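A.B. asks: Attaching a predicted model along with its sequence, questions to come.
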There are 2 protein chains.
Amino acid sequence: MKRSSMENEVCAVARSLDVIGDWWTLLIVRDALAGLRRFGEFQRSLGAAKNILTTRLRALVAQGILETAPASDGSAYQEYRLTAKGRALVPVLVALGQWSNEHVFLPEQERILPVDRAQRLPIQPLQVVAADGRRLAPEEVHFDAPQRPPAGLS
Amino acid sequence: MKRSSMENEVCAVARSLDVIGDWWTLLIVRDALAGLRRFGEFQRSLGAAKNILTTRLRALVAQGILETAPASDGSAYQEYRLTAKGRALVPVLVALGQWSNEHVFLPEQERILPVDRAQRLPIQPLQVVAADGRRLAPEEVHFDAPQRPPAGLS
């Protein structure tokens, strides 16, 4: 299923998927949050071919999710650092990690979860909260399929 | 960058990506949350080729994200409905929608956001909260790259 560009898509979910591009993007962001900064570090972590990782990192810089900077140790290496836009993907990664923790892993399987940096304890389950403060069950969240735009919701 | 299976992956983020498979999965889940149930409805919404949509829907049923049921109107059609595991992806979709709303759309661009079904108002920004109740900034969330498992975090 070849995906056409969703650049003109009004659905906010679809637009995010267009920018993130593919799963590797989120794994690169995860690794950057884990402290990886150099090309070789990402390569070892992801097991990616050099040319393809180069393309992915360039796309992330072009999208403003990563930025390049001289190496912090003064060497000739270039580092990749997350921008504010990249760091803002943390709730997406936390939501994905919590979902697989709850619904994908078998009880006995070892797993690594996003944790609080200070105390190293798992993060509380994300709550979906309405404008007036009510916690919403999944059924209470309304998504519109893009071809059926509702009145007054644009 | 061909992705190898992450079935034995200990990183909860990576495992979720293995199950979700590709972006189309999340768009199908979005459409199911919007009330679409029949093959033809998903096809019209996603503009997908029949054979590929068939494969995707079957994979979602096999993963326990969708389940099939006889049509609610008594006709011969088959319907696809979200399971609890599928509905549990709502925080992922909300996180993606909020991120693109904040960081991808241009200010003047029309957009459709996930809303509270009762009041049709946008959902509050998801908060990442530590076990002790502190709200965490992105920098305070710790992700481990999978090849560097920390002690005591499995």
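C.D. replies: Noted; the coordinates are in hand.
A.B. asks: show me what contacts residue A:122?
C.D. replies: Residue A:122 makes contacts with A:113, A:114, A:115, A:116, B:131, as judged by CB atoms under 8 Å, 6 or more residues apart in numbering or on different chains. Where you see a C-beta, it was placed from the backbone N, CA and C, and this is true even at glycine.
A.B. asks: Who wins on neighbours among the residues you listed?
C.D. replies: residue A:114 (27 neighbours; other CB atoms under 10 Å in any protein chain shown).
A.B. asks: Distance of that one relative to residue B:85?
C.D. replies: Separation of residue A:114 from residue B:85 (CB to CB, to the nearest Å) stands at 20 Å.
A.B. asks: before we move on, back to that, out of the contacts of residue A:122, name the ones that lie in strands.
C.D. replies: A:115, A:116 (DSSP state E).
A.B. asks: Tabulate the contacts of residue A:122 in CSV, adding columns for distance to residue B:63 and pLDDT.
C.D. replies: Shown next, in CSV, are those (distance: CB to CB, whole Å; pLDDT from 0 to 100):
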residue, distance to residue B:63, pLDDT
A:113, 20, 88
A:114, 22, 89
A:115, 26, 91
A:116, 30, 93
B:131, 30, 94
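A.B. asks: any idea which of the contacts of residue A:122 is closest to residue B:27?
C.D. replies: residue A:114 (24.6 Å; CB to CB).
A.B. asks: Next, the contact list for that closest one, please.
C.D. replies: A:90, A:93, A:94, A:97, A:122, A:123, B:12, B:13, B:141, B:142, B:143.
A.B. asks: Please give me every residue in contact with the closest residue to the fourth one other than its chain neighbours.
C.D. replies: Here the nearest residue to residue A:97 in space, its sequence neighbours aside, is residue B:12; by CB to CB, 6 or more residues apart in numbering or on different chains that works out to 3.8 Å. With CB under 8 Å, 6+ apart as the criterion, the residues that contact residue B:12 are A:96, A:97, A:98, A:100, A:101, A:105, A:111, A:112, A:113, A:114.
A.B. asks: Quick one, grab the pLDDT at residue B:12.
C.D. replies: Confidence at residue B:12, expressed as pLDDT, is 85.
A.B. asks: where are the low-confidence patches of chain A?
C.D. replies: Chain A contains residues with pLDDT under 70 at A:1-7, A:145-154.
A.B. asks: make it 50
C.D. replies: A:1-3, A:147-154 (pLDDT under 50).
A.B. asks: can you give me the helices for chain A?
C.D. replies: A:12-20, A:23-33, A:39-46, A:50-62, A:84-87, A:90-103 (DSSP state H).
A.B. asks: Summarise which helices and strands the shortest one is packed against.
C.D. replies: Right, the one you point to is helix A:84-87. If contacts are counted by 3 or more CB pairs under 8 Å, 6 or more residues apart in numbering or on different chains; DSSP states H and E, helix A:84-87 sits against helix A:23-33.
A.B. asks: Any part of the helix it packs on near chain B?
C.D. replies: Yes - Helix A:23-33 reaches chain B (CB under 8 Å from any CB of the partner chain) through A:23, A:24, A:26, A:27, A:30, A:31, A:33.
A.B. asks: Switch those residues over to JSON lines; also include neighbour count.
C.D. replies: Below are those laid out as JSON lines (neighbours: other CB atoms under 10 Å in any protein chain shown):
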{"residue": "A:23", "neighbour count": "21"}
{"residue": "A:24", "neighbour count": "21"}
{"residue": "A:26", "neighbour count": "19"}
{"residue": "A:27", "neighbour count": "25"}
{"residue": "A:30", "neighbour count": "26"}
{"residue": "A:31", "neighbour count": "23"}
{"residue": "A:33", "neighbour count": "24"}
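A.B. asks: chain center to stretch A:110-119, what's the gap?
C.D. replies: Its chain's average C-alpha position is 16 Å from that of stretch A:110-119, according to CA atoms, centre = their mean, to the nearest Å.
A.B. asks: Surely residue A:45 touches residue A:37?
C.D. replies: No - contact between residue A:45 and residue A:37 fails when scored by CB atoms under 8 Å: they sit 11.4 Å apart.
A.B. asks: Compute the first-to-last residue distance for stretch A:31-50.
C.D. replies: Start-to-end span of stretch A:31-50 (CA to CA, to the nearest Å) is 16 Å.
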